[in-house]
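Engineer: just coords:
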């Protein structure tokens, strides 16, 4: 029963990746980036404004950190995803998102000097093979001559940004409650996105784009975080995090059904190697060894 909370959250985020791709044909990426978080702010304000005002003196010294979190997790990550959608597939976007836990591991090791075990390094190597295979569309050596697709590169940069967001959020752990923390970041993201919105070729929302904005602003920005937080409360953070491995699968299936995207062999093999590497880096190798010993 409780596992439904994170699974539904991941399904919504997977669908939002498909929405990002669909929005590329209907809305300027700068416009949907702004409208998404503006809508989320309007929905959260009746619930969260009073708690923020009550705790304002305690919150104020944290505004710098909240601004960094908003810039990384809501401005850079999502903006880059909307721009990436113009030149890559939703399926590729979902598979690249599966790298976020591994990118967090790499950043922890290189930037924050956190010790990394041999199993984690092996997982990084396996996932790297998967990334090269995916980005090369089954021909990794072609990357040397042709380079990386622009959309894939933007999505990869966005995933690095979100991985750093996750690290800093855990390290800083703002003590104001999940909804208050989310609300402050959303408000700051809206302010940061104003100049981005001003750069849009058009801020108009056509009829076919209204539903996309609504889904991104309500389902993906408010409902999914609520379900994810319920999952963490019920299952714990480690068991909940495992459900993120379903994101590329759900994204590929939804993109195939709604957008008619073809799932190629290199998606299955490259994505499978990425997920295997993520699993190994998170201790899956030790579990496999334990299973082997128990069956020997």
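Structural biologist: The structure has been received and is ready for your questions. Quick caveat: nothing in here was measured; it's all calculated off a predicted structure.
Engineer: please identify the buried residues of the helix ranked longest in the chain?
Structural biologist: Across the chain, the longest stretch assigned as helix under DSSP state H is helix 29-54. Under the neighbour-count criterion of 16 or more other CB atoms under 10 Å, helix 29-54 has 29-41, 43-44, 48, 52 buried. C-beta coordinates here come from the backbone N, C-alpha and C atoms, glycine included.
Engineer: continuing past it, what's the next helix or strand?
Structural biologist: Counting by DSSP states H and E, the element after helix 29-54 in chain order, helix or strand, is helix 56-59.
Engineer: relative to helix 29-54, how tilted is the helix or strand harbouring residue 82?
Structural biologist: In the assignment (DSSP H and E), residue 82 maps to helix 77-84. Going by axes from the mean of the first three to the mean of the last three CA atoms, to 10 degrees, helix 77-84 is angled at 170 degrees with respect to helix 29-54.
Engineer: following the chain onward from helix 77-84, which element is next?
Structural biologist: Later in the chain than helix 77-84, the nearest helix or strand by DSSP H and E is helix 90-97.
Engineer: show me what whichever helix or strand comes after that following helix is packed up against.
Structural biologist: The helix or strand immediately downstream of helix 90-97 is helix 100-110, counting by DSSP H and E. Secondary-structure packing of helix 100-110 (3 or more CB pairs under 8 Å, 6 or more residues apart in numbering; DSSP states H and E): helix 118-135, helix 150-172, helix 265-279.
Engineer: buried residues of helix 100-110, list them for me.
Structural biologist: Within helix 100-110, the residues scored as buried using 16+ other CB under 10 Å are 100, 101, 102, 103, 104, 105, 106, 107, 108, 109.
Engineer: again, but for stretch 218-231
Structural biologist: 218, 219, 220, 221, 222, 224, 225, 227, 228, 229, 230, 231.
Engineer: got it, and stretch 242-254?
Structural biologist: Those would be 243, 244, 245, 246, 247, 248, 249, 250, 251, 252, 253, 254, for stretch 242-254 by 16+ other CB under 10 Å.
Engineer: just the pLDDT for the first one.
Structural biologist: In this prediction, residue 243 carries a pLDDT score of 77.
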